[in-house]
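Student: Provide a 3D model corresponding to the input given below.
(one chain, ligands or ions: 1)
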Amino acid sequence: MVQLDKSLRYAPSNLQDIIQTIQEDSRSPYQLVWQEQRLQLLCPDMLPLICDFTQGEYFHRIQSAGIRGELVAKAVNIKKYPQANVLDITAGMGQDGFILATIGAQVHFVERNPVVASMLTDGIERAKLNSQTSVAAERCKVTFEDSEHFLNRSKTAVDIIHIDPMFPERKKSAQVKKSMSVFHQIVGKDIDAGDLLKAARQFNCKKIIVKRPNAAPYLGEINPSSQIKSKKHRYDVYLPLVKY
Ligand SMILES: C[S@@+](CC[C@H](N)C(=O)[O-])C[C@H]1O[C@@H](n2cnc3c(N)ncnc32)[C@H](O)[C@@H]1O
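Tutor: A predicted model of the protein is given here:
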């Protein structure tokens, strides 16, 4: 998966538990390091990948007044559920979920890839230390686990389940797209995402929202109850199959 640098021994203990499960690949072009008090994934010919909610383009996005107009906020219907309990079962780097936390939702992230889960955990912990992101970060929790397993064992009801499986990679040249390409290589394809939707529909929740590129087929070939669309993406909205 990645090379593991010796500096990782200085990472905090909550990260060590996840890092220990990473299968080291000495031939990987990517190296996970603990530098400048944060986890960084060093990648050839590009800036390191860091999960950081406290600066850069993403920070400005979550500070903006338009954040309530974000597609994910519309899909949750944040006006109706301002303090929604959201279970994000394809957490990734937490960008969609952290938007929801910023506008008041409680967000429980579940991520199965140890490189991604350790970076997300680190990003949330550092966001707790920043005065402009701490309130949102305190509303977030990260669990390192396969979400199908999590859904089978957890009994706690939630309002919304959020699913955003990997999309097939498209060719783009900018730095931001390079980072997507690295992400694809680390995570692979979420070929079991249809099963995840099926498991989510058996869970005690009000609705399940699934992010898709506009041209993508329905996840698991299951027709949604409704859709919320933007120029490039849409959310397919599903209702649970079980009444609790
Ligand atoms: C496209 S990314 C999600 C991006 C995220 N919405 C964001 O805004 O940063 C999909 C992520 O879901 C994770 N994933 C896919 N299937 C999963 C499963 N069954 N359990 C836990 N995580 C899963 C992948 O490892 C990957 O990190």
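Student: going forward, measure contacts and count neighbours with C-alpha atoms only.
Tutor: Will do.
Student: for the lowest-mean-pLDDT helix or strand in the chain, buried residues please.
Tutor: One helix or strand of the chain scores below all others by mean pLDDT, DSSP states H and E: helix 175-187, with a mean of 82. Using 16 or more other C-alpha atoms under 10 Å as the test for burial, helix 175-187 gives 178-179, 181-184, 186-187.
Student: and the ligand, is that helix touching that?
Tutor: Yes - with C-alpha under 6 Å from any ligand atom as the measure, helix 175-187 is seen reaching the ligand through V187.
Student: who touches that helix?
Tutor: Residues from elsewhere that reach helix 175-187, judged by C-alpha atoms under 8 Å, 6 or more residues apart in numbering: 1-2, 43, 46, 49, 113, 115, 166, 169, 172.
Student: pull up the gap between K243 and V33, please.
Tutor: 46 Å (C-alpha to C-alpha, to the nearest Å).
Student: same drill for those two, tell me which one is more crowded.
Tutor: V33 (22 against 9; other C-alpha atoms under 10 Å).
Student: how close does the more buried one sit to the ligand?
Tutor: 19 Å (C-alpha to the nearest ligand atom, to the nearest Å).
Student: all strands in this protein, in order from the N-terminus.
Tutor: Ranges of strands in the chain, per DSSP state E, are 3-4, 31-35, 38-42, 85-88, 106-111, 140-144, 160-163, 207-213, 226-229, 233-238.
Student: I'd like those strands as a markdown table, with mean pLDDT appended.
Tutor: Conversion of those to a markdown table gives the following (pLDDT from 0 to 100):
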| stretch | mean pLDDT |
| --- | --- |
| strand 3-4 | 98 |
| strand 31-35 | 98 |
| strand 38-42 | 97 |
| strand 85-88 | 98 |
| strand 106-111 | 98 |
| strand 140-144 | 98 |
| strand 160-163 | 98 |
| strand 207-213 | 97 |
| strand 226-229 | 97 |
| strand 233-238 | 97 |
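Student: ok, so of the buried residues of helix 175-187, who is nearest the ligand?
Tutor: Set against the ligand, the nearest of the buried residues of helix 175-187 by C-alpha to the nearest ligand atom is V187 (5.2 Å).
Student: need the residues of this structure near the ligand, please.
Tutor: Counting by C-alpha under 6 Å from any ligand atom, the residues of the chain near the ligand are 89-96, 110-113, 116, 146-148, 164-166, 187, 190.
Student: of the residues you listed, buried ones?
Tutor: For the residues of the chain next to the ligand, buried by 16+ other C-alpha under 10 Å: 89-94, 96, 110-113, 116, 147-148, 164-166, 187.
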